[in-house]
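Asker: coordinates only, no sequence provided:
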């Protein structure tokens, strides 16, 4: 760098960054309701919070069947995505 470019950088003669813009289309209340509903409507089998553990059954076979079903659905989704890329 030349001395002149260092000087302009030190004395604030560089161009300013554009202001940050974010979406204000949704109000805070709307955003809060959307987040709350997505949390409440999440399937229990995919929820890792300690709050909902009490709702889960203690039957090991039922739990294994739920996990197996979820994994099969996830594998089908992944295979469906990757099959079109060949």
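Answerer: Nice, I can see it. Predicted model, so just to flag it, every value in this text is computed and none were measured.
Asker: leaving out the residues flanking it, which one is nearest to residue 34?
Answerer: The shortest distance from residue 34 to any non-neighbouring residue, by C-beta to C-beta, 6 or more residues apart in numbering, is to residue 26 (7.5 Å). For every residue, glycine as well, the C-beta is placed using N, CA and C.
Asker: just give me the neighbour total for the one you found.
Answerer: Using other C-beta atoms under 10 Å, residue 26 has 11 other residues around it.
Asker: so it: helix, strand or coil?
Answerer: Secondary structure state of residue 26, per DSSP: H, G, I helix; E, B strand; the rest coil, is coil.
Asker: how close does it get to residue 36?
Answerer: 13 Å (C-beta to C-beta, to the nearest Å).
Asker: ok, now how distant is residue 83 from residue 75?
Answerer: In this structure, residue 83 and residue 75 are 12 Å apart, going by C-beta to C-beta.
Asker: with residue 28 instead?
Answerer: Residue 28 is 39 Å from residue 75, by C-beta to C-beta.
Asker: repeat for residue 67
Answerer: Distance from residue 67 to residue 75, counting by C-beta to C-beta: 12 Å.
Asker: got it, and residue 31?
Answerer: 34 Å.
Asker: would you map the helices across the chain?
Answerer: Counting by DSSP state H, the chain has helices at residues 3-10, 28-40, 60-83.
Asker: and the ones you listed as CSV, adding mean neighbour count, mean pLDDT and distance to residue 18?
Answerer: CSV is the format used below for the helices of the chain (neighbours: other C-beta atoms under 10 Å; pLDDT from 0 to 100; distance: least, C-beta to C-beta, whole Å):
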stretch, mean neighbour count, mean pLDDT, distance to residue 18
helix 3-10, 10, 60, 19
helix 28-40, 10, 83, 24
helix 60-83, 10, 88, 36
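Asker: shared neighbours, residue 83 and residue 75?
Answerer: Common neighbours of residue 83 and residue 75, counting by C-beta atoms under 8 Å, 6 or more residues apart in numbering, are absent.
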